[in-house]
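Chemist: Compute the structure for the input listed below.
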Amino acid sequence: MDTQTVLLLILIGIGAGMLGGLVGVGGGIIIVPALIYFLGFSQKMAQGTSLGILLLPVGILGVMQFYKQGHINMPAVWVISIGFFFGSYFGSKIALSLPQETVKKIFATLLILIAVKMFFLDKKKTGDDSKTQTGTTEILPGNNDG
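Modeler: Below is the predicted model:
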């Protein structure tokens, strides 16, 4: 791996880490497109590389900051992690069985749908929603006591 590639990978990691810490995104939204467009990775190689990053505790410093401030719901973390564990297995089996262009189109469609939802369909929230999402309090529908 040449120096330029290493520097690009480090910059992608820093960018994804900063956005991950800032707005909770990184893997699919930042790393995958950056690997494709800046380093010429295939869609499947970019997705696999992004998934490989998730297997290591690379976000631990950001997690520690949010945890210290009481902004992590640990029961949700563990439940989602279990779902991610099994979902990643089946999702990867499906992705690897599809043609490259189909996977790329699915990925692009997902990004567009998320953008449209965030721009046009999200409703404004009233009040401070941090009360219901702090510490290890389990969040249930209608449970705003925090």
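Chemist: Quick one: mean pLDDT for the biggest helix by length in the chain?
Modeler: Longest helix in the chain, counting residues (DSSP state H): helix 74-97. In this model, helix 74-97 has a mean pLDDT of 87.
Chemist: name the helices or strands packed onto the helix or strand just after that helix?
Modeler: Where DSSP states H and E defines the elements, the next helix or strand beyond helix 74-97 is helix 100-116. In terms of contacts (3 or more C-beta pairs under 8 Å, 6 or more residues apart in numbering; DSSP states H and E), helix 100-116 is packed against helix 43-54. For the C-beta atoms, the positions are set from N, CA and C on the backbone; glycine is no exception.
Chemist: what is the mean pLDDT for the helix it packs on?
Modeler: On average, the pLDDT along helix 43-54 is 85.
Chemist: Check which residues of the helix or strand that it is followed by are buried.
Modeler: Sequence order places helix 60-68 as the next helix or strand after helix 43-54, per DSSP H and E. Residues Gly62 are the ones in helix 60-68 that count as buried (16 or more other C-beta atoms under 10 Å).
Chemist: swap in stretch 87-102?
Modeler: Residues Ala95 are the ones in stretch 87-102 that count as buried (16+ other C-beta under 10 Å).
Chemist: contacts for it?
Modeler: Here stretch 87-102 makes contact (C-beta atoms under 8 Å, 6 or more residues apart in numbering) with 42-44, 47-48, 51, 103, 106.
Chemist: Mind giving me the PyMOL command for buried ones among those?
Modeler: Remark: buried members of the contacts of stretch 87-102, expressed as a PyMOL selection using 16+ other C-beta under 10 Å:
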select buried, resi 43+44+47+48+51+103
